[in-house]
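Novice: sequence and predicted structure below; questions after.
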Amino acid sequence: MDSQTLHWEHPNIKGPELLQLLRTEVPQALGGVVPVTATVLTLGLYVKGIPETDWMELAEKISHVHPSRVLIINPITGAPEDTATHVDAQISATVTYRRPGEPPTLFSECVQMNLGGGLANHWIDLVQSLIKSDLPAYLLWLGAPPLPGFRWDLLSTGFTHLVIDSEQAGLGPWKSAILAGKPQGMMVDDLYWQRLGLWRAHWATLTDYPEGLLTITNPEKIVIAWPGPRPWGWRLLLGWLIDRLNWSVSDLEPTHVSLIDDYGQTIPVEIREADEPSFSFYHGDYVLSSQRANKQLQSRIVKSTEELYTMADPCNQADPVTDIVKLLNRGHDQLFDQALSALILNEHA
Amino acid sequence: MIETQSLSNPLREGLVESRRPQPFTMIIFGAAGDLAHRKLFPALYNLMVDHWLPHQINVIGFSRQPFDDEAFRREVEQSIRQFSRQPLDAKLFEQFVAGMHYLTANFNDREAYGRLRDLLTSLTQEQHVPGNYLFYLATPPSFYPVIAEQLGAVGLNASPNPQGWVRLIVEKPFGHDLDSAMALNGQLHQVFDETQIFRIDHYLGKETVQNILVFRFANGIFEPLWNRQYIDHVQITVAESLGIEGRGTYYDNAGALRDIVQNHMMQLLAMIAMEPPVAFEADAVRDEKVKVLRAIRPLSTRDIAMHTVRGQYDEGYIEGQKVPGFLDEPDIPSDSRTEAYVAMRLLIDNWRWAGVPFYLRTGKRLAKRATEIAIQFKKAPHRFFSQTATPDLEPNLLTLKIQPDEGIALRFGAKVPGPIVRIRTVNMDFLYGTSFADQAPEAYERLLLDAMIGDSTLFTRKDEVESAWALVDSILKGWARSKGPIPSYEAGTWGPAEADELIARDGFRWRRP
């Protein structure tokens, strides 16, 4: 299929003008032909305060895989409320041509909105009007978490998914979003949780081996080493294990955790700070240790001094486009909710 | 190695990687052949690139062609360079071929099967992997019983590990007629039980074929209309513009009925007509498909004359190129009575489909390549707009497009803008290429992965094969009794005039895909 990408720039316009332009510009450029729309979702990228990134390029790469309307929401930092409300907009639209004589297809649209004046703070209702109805709508919050009091209740009536990256600031600042979004059915997805998927898949493969299954599912002790100062990763992984293996938490401190397995036995978990993350599970003579080092996640199962298995998976460098595309492919991961329920939201530390 | 406490792995549940198979060894009989080169090695490699394979898999090639391990690996490399949908990555390829071995042997050489068993045992022990074996018979069908018997004789029809598994994948054609299919099933069952046998029909691995079930059973709006009350008739078309492409000897023995109708088209028919299964599980789905095949009204000799048409193409033009007629193709005898085209009308005698004709047609050298299923709905019961200018208002038509333009289209009437009521037929189109931009896996990738996991939903069960053969057999026998000339059609057209007459007798006409 042939395709072409059309570009426009519209400085200093009002919100309703932007809506009108999105309706009319593509047909005008196609000589009055109204294209068939192939969009399958709306993706918002909230990028306030992140310097010098070509968001349009990133949006076009994502929408190349997932035909979508991508809305780049960029409130102008420090814009005074009392200056005139305006939007500096860049729009691109990719149109594909299927067969001669058939109308072209509007494959994707990317809209960068630099929001000034009152819109810098009150942008939700403008964005709501740009969300494609009846299709999934993801908001990827790339900037710092908002201050308490943010209107998650309002946002969750438009977006079906809030995507965060808890590697930056942990999960604490997002608790209000998670709770406020629930009544409207807004789900929260975490890019850091997704990146930790390598650990989960790796352990799932190790537990295909009887020795791996025995050691991970019946540990007498777990030792975790994780780089500081934001130790969210081990909590997410431990939360997942707790949920999967029907364990419960009896004590949760920064340096140790006590778990109770489904036979009522206590599993002590020791937490240390280290440069590279690792988990070690101990069961009798068996030790299963997994460590991220040299761009690999490496594991070995040892019985006394005999090495039974080794396994290594490459840790691919995270890049935002791949992360987002993967998340959109996968959709919401219920394991994340379950891990949160198991550990993160119930923590008493 | 310690015994596993539980067969299930709690850490797999809910992961994208939940479908990753356990470590296993795949043994490909006919590893030097065309199927292995074009489909199997690329499919395995792509599965590995996409992280669907376990960390330890071994592949053993077993074939008559004299290779050593290194030469076999070079053959595999060549195959991937030529046929893989993903480019060859040197580092990944090294990992891929590290577990590849080759045995040069005849398929009926008992001693070679002993060597195969010894190799499997040593790999299992050295690598601490469970004794999981996946045998793939990429050989001529005449070797299926031979290989199965030899495997049984050396005890390779069962895993040495109580938790291990042994599976056997066999390619189509599965039998030449009902008797030979039943005989082959009997021979395989002497060694393997039905749960171990995976009969592959690559059509079922196609995304759009699987989407038939999703379309029907994941959407609430269509199923209430999916019956004789609302559906007028169904047309299933598997049209090819290619000829027999150097497969004259095979094709003259097979013909369109055996090559396409008995397997691919019967599967499409079953998926369109089946009742909702109680679960999306292998036996539940296949039970419902078998019920459909068994409900197809048997064809009497008269029915065969009235409701089936066979044909052979004459010379003609395809995309501007002159092409020879069927009887002038290499390796086709000049007096061949093998059909290169089939059309038929079938009825399904059950509550849902009573009285709804299903028209099937397939052929070589037709006007274009297209595999489509068209469901034509009944016209609106009252011609409310009959006094207006609507002479060409067509009934609603739902088309499931399988290849080459994968998608779904719904035809309906819409008012032409203007001061009078004029209705024009318009199409609502969904194309896989525009809504899902990701590259779909090849059919063999999906099917191999399913076999590795042990999910036989998309494989054909013994009773499915035999039910399909029962119908096809009756047609073959009817045709054998008919000594008249075989209808012909010009290459590059839509088939013989007799096929148009077949459907016209019911007041319909063939769609033009």
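Specialist: Perfect, thanks for sending it. Numbering: from 1, shown residues only, chains lettered A, B, ... in the order given.
Novice: make it CA atoms for all contacts and neighbour counts henceforth
Specialist: Will do.
Novice: is it true that B:Arg64 touches B:Tyr102?
Specialist: No. Contact criterion CA atoms under 8 Å: B:Arg64 and B:Tyr102 do not qualify, at 10.4 Å.
Novice: what's the longest helix in the chain?
Specialist: I'll assume chain A. When chain A is parsed with DSSP state H, its longest helix is helix A:15-29.
Novice: to clarify, I was referring to chain B.
Specialist: Chain B, longest helix under DSSP H: helix B:462-481.
Novice: quick check: next helix or strand after it?
Specialist: Going down the chain from helix B:462-481, the next helix or strand is strand B:488-490, by DSSP states H and E.
Novice: show me the shaky parts of the stretch 1-150 of chain B.
Specialist: Applying pLDDT under 70 to the stretch 1-150 of chain B flags the ranges B:1-8, B:17-18.
Novice: please repeat the previous calculation with a cut-off of 90.
Specialist: B:1-23, B:50-57, B:91-92, B:95, B:124-130 (pLDDT under 90).
Novice: ok, back up a step: the longest helix of chain A: which residues count as buried?
Specialist: By 16 or more other CA atoms under 10 Å in any protein chain shown, the buried positions in helix A:15-29 come out as A:Gly15, A:Leu18, A:Leu22, A:Glu25, A:Val26.
Novice: just those now: which is nearest A:Gln128?
Specialist: A:Gly15 (11.2 Å; CA to CA).
Novice: distance of the closest one relative to A:Gly117?
Specialist: In this view, A:Gly15 and A:Gly117 are 12 Å apart by CA to CA, to the nearest Å.
Novice: okay, and the common contacts of these two?
Specialist: Shared contacts of A:Gly15 and A:Gly117 (CA atoms under 8 Å, 6 or more residues apart in numbering or on different chains): A:His86.
Novice: between B:Arg64 and B:Tyr102, which one's more packed in?
Specialist: Remark: of B:Arg64 and B:Tyr102, B:Tyr102 carries more neighbours, 23 against 16, as counted by other CA atoms under 10 Å in any protein chain shown.
Novice: what residues are up against the residue sitting nearest the centre point of chain B?
Specialist: In chain B, the centroid-proximal residue (CA atoms, centre = their mean) is B:Tyr203; its distance is 2.6 Å. Shown in contact with B:Tyr203 (CA under 8 Å, 6+ apart): B:Val209, B:His264, B:Ala443.
Novice: go on, A:Thr160?
Specialist: The contact partners of A:Thr160, by CA under 8 Å, 6+ apart, come to A:Pro136, A:Ala137, A:Tyr138, A:Gly185, A:Met186, A:Met187.
Novice: and of the residues you listed, the nearest to B:Phe217?
Specialist: A:Pro136 (21.2 Å).
Novice: ok, that closest one - how many residues close by?
Specialist: Using other CA under 10 Å, A:Pro136 has 18 neighbouring residues.
Novice: which stretches of the stretch 51-200 of chain B form strands?
Specialist: Ranges of strands in the stretch 51-200 of chain B, per DSSP state E, counting those that start in this stretch, are B:57-63, B:100-104, B:133-137, B:166-170, B:197-199.
Novice: tabulate the contacts of B:Tyr203 (CSV), appending neighbour count, pLDDT and secondary structure.
Specialist: Below are the contacts of B:Tyr203 laid out as CSV (neighbours: other CA atoms under 10 Å in any protein chain shown; pLDDT from 0 to 100; DSSP: H, G, I helix; E, B strand; the rest coil):
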residue, neighbour count, pLDDT, secondary structure
B:Val209, 21, 88, helix
B:His264, 17, 94, helix
B:Ala443, 17, 90, helix
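Novice: of these, closest to B:Arg294?
Specialist: Nearest to B:Arg294 among the contacts of B:Tyr203 is B:His264, at 16.5 Å by CA to CA.
Novice: which non-adjacent residue is nearest that closest one?
Specialist: Take B:His264 and drop its neighbours on the chain: the residue closest to it by CA to CA, 6 or more residues apart in numbering or on different chains is B:Tyr203, 6.2 Å away.
Novice: looks to me like the one you found is in a helix.
Specialist: Yes. Judged by DSSP: H, G, I helix; E, B strand; the rest coil, B:Tyr203 forms part of a helix.
Novice: and the residue of the stretch 201-349 of chain A closest to chain B?
Specialist: With CA to the nearest CA as the measure, A:Pro210 is the residue of the stretch 201-349 of chain A nearest to chain B, at 4.5 Å.
Novice: distance of that residue from A:Leu198?
Specialist: For A:Pro210, the distance to A:Leu198 equals 20 Å [CA to CA].
Novice: cool, A:Gly78 as well?
Specialist: For A:Gly78 relative to A:Leu198 (CA to CA), the value is 39 Å.
Novice: higher neighbour count, those two?
Specialist: Neighbours were tallied for A:Gly78 and for A:Leu198 using other CA under 10 Å; the higher tally belongs to A:Leu198 (17 against 10).
Novice: thought A:Leu139 was touching A:Gly158?
Specialist: No. In this structure A:Leu139 lies outside contact range of A:Gly158 using CA under 8 Å: 9.5 Å.
Novice: just the buried residues of the contacts of A:Thr160.
Specialist: For the contacts of A:Thr160, buried by 16+ other CA under 10 Å: A:Pro136, A:Ala137, A:Tyr138, A:Met186, A:Met187.
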